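# coords below, sequence missing:
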Ligand code: BGC
């Protein structure tokens, strides 16, 4: 008997009402802060003010060519405003004590890249996004804040909200993927998770949204490269997630490295003042990225003094590591090139952040050894990390119900990623303690239990070329090399595989093959691993590919030849056990891609919300002359946005709208019935898209406007409802006005962007 539940949770269409600035009256708390800061600033020398604008690194993770030196003496002189990449209450207390002995005793702010969890590392952000589970993602940020603040920190360089549509770009791993709407929702909940309701609480972190702006559109997917973008694309597709994070209250923002239409972001006054301050009304402070100020010299904007003045005047308040502000701004003031008011403004914003964090009340409020001992890597956090990881995996293929595996017989676990702990947590996991992370071999063995025998062989090196393997295993994420020939290593693995009932191949990218400075032009599984996979398939045994990936990968051959593919991204400290949970069916995979997987790298950038062109390819065609297509590959992706399978199946029926016209101030309701038609319970992510058929500007062929994640028992049905209002149909037109235009629209609903049902309506104004 089918059970019908009416799901009352309505998709929250809170897409902002344009980018208009919101003015707020000064409240008593703000007045109190202003009085305090006015009084403090009246005592500050110009050197002390400039000191507040100087952000130094404590050296636990360096990503640039320069590092900070003589930190302690600079702090003592009041020449430092903040420090990042230094952890533990002991070290932070010691450093803060130096600041407390400086003339004005202004506390330091302590930051770090707490990107996807702290010591309890969660899956990489791209994986977290694949859960489409906003409360879950918010909780990961909350747990991260709890742990990081227990270890002395009060500021995180997260969330990274750069829309990324080029799979070659390694930093696609650090964000939520290609979609503006989903990216904006995730940006908001992450800020909420970090900051909570009270920045001054000792268990919250100030968020630093990054990288402002358009970093994800770096040309050719090469890191730090130029971006050049129309205002239409910028306002409609790339800027909204930054705005959403700021509207959620993020206290700071980090400028990106890239050139934007001829002016690098760090010196881009239009971006940092006109858009950020005037249009959006942002009241927090702006930090450069790592040596972002001095890199303007290489961009060709002048010497250190010139670029420092340019950056400050554009709106970059804090200089990360370059020390251009520290060493040149005073002289620029003397020469009349920088006004003291510009230094005052920046200094005030940084002092305000410290005030909001409660650092003037108690500079040591984040330094509790007791908390560090009791609140980090707790059993509850680890349990949550394991459950979270399982919700991020995406089942790409599962022919003949190869998965889940039986808890009997022999499993051959083969591959260079099968027995390496340091490659489990993924990029930006600087705080992960590798000695506490199980390898896949260990995790799988634990989850499998006594009735399963697991045998293992390396099977291949990560990459045949030793040099390339060195680049791909940076930051201590080594995979020992086996110096035997490729054939010998494979032969040994095939022997092992022949003794098993099923083969699990742990292949793909090592953790540092995505992330910063890890762009790739070949986004497939490295060739030597593919040879291994082919040899394993030849044994005739069922093969499950457990794919480690920090980006969309090209898997055409694999999708045609391997019966089951589970994409596990980089799942954090408990990834190994979570992979076991899913492989054995203790957890049912429910993740869905938030980035399009191309057939080949030549299709990149490939994303679902593209424009139609004047010569679109007719749906049924693979190639048609004088149409917008390729000679050698269809326009289709390999796996579309929103795609992911489950161990059960879902049916979509009765898709209808409450009306076929929508008027301003009214709402339409879309209904769809989802039924679990399989044999096990499962979660489904129901997606709603719209298309604006006629506009004064061209509009994308589909735009995500809502989604809901529901849970269904076998045979159970639920009616999922979505509301659509005029607000949801707004976009920035060619005058950059945020409007909805009357006319015909389509609404689509489905399990991914490709396999949808559609209905029409009209917006009548
Ligand atoms: C990265 C930022 C990071 C910063 C500090 C830079 O290289 O681009 O994302 O926050 O380093 O570690």
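Ah, there it is. These numbers come from a predicted model, not from an experiment.

# How are the helices of the stretch 201-350 of the chain distributed by residue range?
Secondary structure of the stretch 201-350 of the chain (DSSP state H, counting those that start in this stretch): helices located at 231-233, 240-247, 269, 295-299, 304-314, 324-334, 340-356.

# So which residue is dead centre in the protein?
residue 175 (1.9 Å; CA atoms, centre = their mean).

# Show the contacting residues for it.
Counting by CB atoms under 8 Å, 6 or more residues apart in numbering, residue 175 touches 125-126, 129, 160-164, 183, 216. From N, CA and C alone the C-beta is placed, and that goes for glycine too.

# 7 Å instead, please
Residues near residue 175 by CB atoms under 7 Å, 6 or more residues apart in numbering: 125-126, 160-162, 164, 216.

# Tell me the one of these nearest residue 105?
Set against residue 105, the nearest of those by CB to CB is residue 160 (33.7 Å).

# Pretty sure the closest one sits against residue 212.
No: applying CB atoms under 7 Å, one finds residue 160 not in contact with residue 212, separated by 10.6 Å.

# mind checking pLDDT for residue 60?
pLDDT for residue 60: 74.

# That one and residue 84 touch, don't they?
No: using CB under 7 Å, residue 60 is not in contact with residue 84; the gap is 8.7 Å.

# Specify which residue of these two has the higher count of neighbours.
Between residue 60 and residue 84, residue 84 has the larger neighbour count (other CB atoms under 10 Å), namely 27 against 15.

# Run a quick neighbour tally on residue 487.
Using other CB under 10 Å, residue 487 has 10 other residues around it.

# Apart from its chain neighbours, what residue comes closest to residue 33?
residue 355 (5.2 Å; CB to CB, 6 or more residues apart in numbering).

# actually residue 208, not the one I wrote
Excluding the flanking residues, the one nearest residue 208 by CB to CB, 6+ apart is residue 252, at 4.3 Å.

# mind checking how far the one you found is from the ligand?
11 Å (CB to the nearest ligand atom, to the nearest Å).

# just checking, that residue touches residue 285?
Yes: the criterion here is CB under 7 Å, and residue 252 meets it with residue 285 at 5.1 Å.

# With neighbour numbers in mind, choose between the two.
Applying other CB under 10 Å to residue 252 and residue 285 shows that residue 285 carries more neighbours, namely 29 against 26.

# so what's the more buried one up against?
Applying CB under 7 Å, 6+ apart, the residues near residue 285 are 252, 317-318, 349-350, 353.

# and which of the residues you listed is nearest residue 509?
residue 252 (31.3 Å).

# how about that closest one, what does it touch?
Contacts of residue 252 by CB under 7 Å, 6+ apart are 206, 208, 284-285, 287, 353.

# same check, this time on residue 615
Taking CB under 7 Å, 6+ apart, we find residue 615 in contact with 626-628.

# likewise residue 185?
For residue 185, the contacting residues are residue 134, by CB under 7 Å, 6+ apart.

# now, which of the contacts of residue 175 sits nearest the ligand?
residue 160 (6.6 Å; CB to the nearest ligand atom).

# And the closest residue to that closest one other than its chain neighbours, how close does it get to the ligand?
Leaving out its chain neighbours, the residue that sits closest to residue 160 by CB to CB, 6+ apart is residue 174, at 4.5 Å. Residue 174 sits 7 Å away from the ligand, going by CB to the nearest ligand atom.

# In JSON lines: the contacts of residue 252, plus pLDDT and distance to the ligand.
Below are those laid out as JSON lines (pLDDT from 0 to 100; distance: CB to the nearest ligand atom, whole Å):
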{"residue": "206", "pLDDT": "98", "distance to the ligand": "14"}
{"residue": "208", "pLDDT": "99", "distance to the ligand": "8"}
{"residue": "284", "pLDDT": "98", "distance to the ligand": "16"}
{"residue": "285", "pLDDT": "98", "distance to the ligand": "15"}
{"residue": "287", "pLDDT": "99", "distance to the ligand": "9"}
{"residue": "353", "pLDDT": "98", "distance to the ligand": "16"}
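
# tell me the two of those residues that are most distant?
With CB to CB as the measure, no two of those lie farther apart than 206 and 287, at 11.0 Å.

# How about residue 253: which residues does it bridge to?
Here residue 253 sits in beta bridges with residue 209, residue 286, as judged by DSSP bridges.

# Closest to residue 436 out of the contacts of residue 615?
Closest approach between those and residue 436, by CB to CB: residue 628, at 51.2 Å.

# That closest one contacts residue 613, doesn't it?
Yes: the pair residue 628 / residue 613 is scored as a contact, 4.5 Å apart, by CB under 7 Å.

# just to revisit the earlier point, just send the contacts of residue 175 back as TSV, with distance to residue 715 and pLDDT too.
Listed next are those as TSV, based on distance: CB to CB, whole Å; pLDDT from 0 to 100:
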residue	distance to residue 715	pLDDT
125	36	98
126	34	98
160	41	98
161	40	98
162	42	98
164	39	98
216	42	98
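
# Can I get those residues in TSV including distance to residue 242, neighbour count and secondary structure?
Formatted as TSV, the contacts of residue 175 follow (distance: CB to CB, whole Å; neighbours: other CB atoms under 10 Å; DSSP: H, G, I helix; E, B strand; the rest coil):
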residue	distance to residue 242	neighbour count	secondary structure
125	15	32	helix
126	18	29	helix
160	10	27	strand
161	6	34	coil
162	9	27	coil
164	13	29	coil
216	11	28	helix
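
# would you turn those residues into a markdown table with distance to the ligand?
Formatted as a markdown table, the contacts of residue 175 follow (distance: CB to the nearest ligand atom, whole Å):
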| residue | distance to the ligand |
| --- | --- |
| 125 | 12 |
| 126 | 15 |
| 160 | 7 |
| 161 | 12 |
| 162 | 10 |
| 164 | 13 |
| 216 | 12 |
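
# What residues does the stretch 151-300 of the chain have near the ligand?
157, 210, 289-290 (CB under 6 Å from any ligand atom).

# Spatially, which two of the residues you listed are the most separated?
Greatest spatial distance among these (CB to CB): 210 and 290, at 10.9 Å.

# Helix, strand, or coil at residue 158?
Assigned state for residue 158: coil (three-state reduction, DSSP: H, G, I helix; E, B strand; the rest coil).

# Tell me how many other residues crowd it.
When neighbours are defined as other CB under 10 Å, residue 158 has 30 of them.

# Surely it and residue 112 touch.
No: in this structure, residue 158 is not within contact of residue 112 by CB under 7 Å, at 9.3 Å.

# What is the nearest of the contacts of residue 615 to residue 750?
Taking the contacts of residue 615 together and measuring to residue 750 by CB to CB, the closest member is residue 628, at 23.8 Å.

# For PyMOL, write a command that selects the buried ones of the contacts of residue 285.
Buried residues within the contacts of residue 285, by 16 or more other CB atoms under 10 Å, are selected in PyMOL with:
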select buried, resi 252+317+318+349+350+353
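
# separation between the closest residue to residue 359 other than its chain neighbours and the ligand?
In space, and not counting its chain neighbours, residue 359 is closest to residue 107: 4.0 Å by CB to CB, 6+ apart. Per CB to the nearest ligand atom, residue 107 is found 21 Å from the ligand.
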